[in-house]
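K.L.:
make a model of this:
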Amino acid sequence: MRMMRTLLIACGLMVPAVGAAQPTTPAQPAAAVSAASLSLARELTTLMDLGGNASASVDVMLDAMQAQNSELASLRHVLQRWMRNIFTSDEAAVAFAQLYAQTFTEAELRDIVTFLRTPSGRRFAAAQGELTRRGGELGQRLAEENQGELMQMLEAEMQAQQQKGRPRKQN
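P.N.:
Prediction:
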């Protein structure tokens, strides 16, 4: 039972809490994008090897999760397959293309695609998986090295809240 609870918590951490981040007002339709922008954004996702980079990101996320909870080691292959299926799907590629098309102007997309077609751009795109992995390791190391400071900050805040008479939330 404890393993199932751990697994459910881990899966919950992997899937963004989209509902919590959304405003409580009625949903606004997504900004319309031009066909040219969407086409450029699709090319960008191809040039960036979105599927390959997503696969590398999955490994980084799973490494971090497993470092926090060693019980996940025996289920890693299941989590890995599930996450890779989601993040490398056609649905994900379309969603990311839409995201890029909404985020960047057509001119910016054209500049990015032009760069990614160069030798330096291809090298940049190819390095993303390794950079994600190494960046995750770097972030984890920095967080661990500075954990004492975080604990002090949290303790100070909790004491300040208690002194103000705020009740502590119980889970």
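K.L.:
okay, and the helix or strand of this protein with the least pLDDT?
P.N.:
helix 18-21 (a mean of 36; mean pLDDT, DSSP states H and E).
K.L.:
what element comes up after that helix heading to the C-terminus?
P.N.:
helix 35-47 (DSSP states H and E).
K.L.:
could you say what helices and strands that following helix packs with?
P.N.:
Packing contacts for helix 35-47, counted by 3 or more Cβ pairs under 8 Å, 6 or more residues apart in numbering; DSSP states H and E, involve helix 90-103, helix 106-116, helix 119-145. Bear in mind the C-beta positions are built from the backbone N, C-alpha and C, glycine included.
K.L.:
quick check: mean pLDDT across the first one?
P.N.:
Yep, that's helix 90-103 we're talking about. Per-residue pLDDT over helix 90-103 has a mean of 93.
K.L.:
how close does Val60 sit to Gly136?
P.N.:
Per Cβ to Cβ, to the nearest Å, Val60 is found 4 Å from Gly136.
K.L.:
please apply the same query to His77.
P.N.:
19 Å.
K.L.:
what's the burial count for Glu149?
P.N.:
Residues contacting Glu149 under the criterion other Cβ atoms under 10 Å number 9.
K.L.:
need phi/psi at it.
P.N.:
With angles defined as degrees, to the nearest 10, Glu149 sits at phi -60, psi -40.
K.L.:
likewise for Asp49?
P.N.:
phi 50, psi 60.
K.L.:
ok, it touching Ala126?
P.N.:
Yes - the pair Asp49 and Ala126 qualifies as a contact (Cβ atoms under 8 Å) at a distance of 7.3 Å.
K.L.:
low-confidence ranges in the chain?
P.N.:
1-31, 166-171 (pLDDT under 70).
K.L.:
okay, His77 and Gly136: which has more neighbours?
P.N.:
Gly136 (17 against 10).
K.L.:
need the contact list for that one.
P.N.:
By Cβ atoms under 8 Å, 6 or more residues apart in numbering, Gly136 lies in contact with 60-61, 63-64.
K.L.:
and Gly135, by the same measure?
P.N.:
Contacts of Gly135 (Cβ under 8 Å, 6+ apart): Val60.
K.L.:
for Met83, see how far away it is.
P.N.:
Taking Cβ to Cβ, one finds Gly135 at 18 Å from Met83.
K.L.:
next one: Thr45
P.N.:
Taking Cβ to Cβ as the measure, Thr45 falls 18 Å from Met83.
K.L.:
ok, now Leu142?
P.N.:
24 Å.
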